[in-house]
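**Student:** Return atomic coordinates for the entry below.
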Amino acid sequence: MADKGGAKGGAGEEGKEGEDKEPEKGCCDKYAECLVVTGKAVYSCCLAICTCIRECLAFIWYPCKERCCGCLDNCDKHYNQWKDEGFTDV
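**Tutor:** Numbering: from 1, shown residues only. You can find the predicted model right below:
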């Protein structure tokens with residue numbers, strides 16, 4: 001009689017196997033999960049691209065700013081010659 005509840009297990013173990021399984025996802029659930037994964041991938045790609053652009057702009061911003069300020073100073077001295085230390089009327 002020990003063979004009835006032997007190595008393969010009895011009815012109690014079969015019920016536990018059914019409880020551990022998750023219900024199968026439907027078509028809408030699979031589609032929604034696909035949309036979420038795709039959205040995350042697009043977001044991470046856009047974030048990586050924006051980060052690269054920001055780092056490149058930060059790298060070249062200071063030299064461009066200095067050249068623009070120098071150009072403005074030169075134009076200011078050209079049109080307002082009294083602001084230039086080397087300019088004299090005498």
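**Student:** Ile49: neighbour count?
**Tutor:** 10 (other C-beta atoms under 10 Å). Every C-beta, even on glycine, is put in place using the N, C-alpha and C of the backbone.
**Student:** now the helix or strand where it lies, how far from the centre of its chain.
**Tutor:** Element membership of Ile49, judged by DSSP states H and E, is helix 27-79. Chain-centre distance of helix 27-79: 11 Å, with C-alpha atoms, centre = their mean, to the nearest Å.
**Student:** before we move on, what about stretch 26-39?
**Tutor:** That offset, for stretch 26-39, works out to 20 Å (C-alpha atoms, centre = their mean).
**Student:** One more: stretch 70-80?
**Tutor:** Worked out by C-alpha atoms, centre = their mean, stretch 70-80 lies 42 Å from the chain centre.
**Student:** Please work out the average pLDDT along it.
**Tutor:** Per-residue pLDDT values over stretch 70-80 give a mean of 90.
**Student:** Next, the buried residues of that stretch.
**Tutor:** Residues of stretch 70-80 include none that count as buried (16 or more other C-beta atoms under 10 Å).
**Student:** okay, it in PDB with CA atoms only?
**Tutor:** Output of stretch 70-80 as PDB, limited to C-alpha atoms (Å, rounded to 0.1, in the frame of the first residue of the first chain):
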ATOM      1  CA  GLY A  70      36.700  88.400 -28.100                       C
ATOM      2  CA  CYS A  71      34.900  89.300 -31.300                       C
ATOM      3  CA  LEU A  72      32.400  91.500 -29.400                       C
ATOM      4  CA  ASP A  73      35.300  93.300 -27.600                       C
ATOM      5  CA  ASN A  74      37.100  93.900 -31.000                       C
ATOM      6  CA  CYS A  75      33.900  95.300 -32.600                       C
ATOM      7  CA  ASP A  76      33.200  97.500 -29.500                       C
ATOM      8  CA  LYS A  77      36.800  98.900 -29.700                       C
ATOM      9  CA  HIS A  78      36.400  99.500 -33.500                       C
ATOM     10  CA  TYR A  79      33.100 101.400 -33.200                       C
ATOM     11  CA  ASN A  80      33.900 103.100 -29.800                       C
END
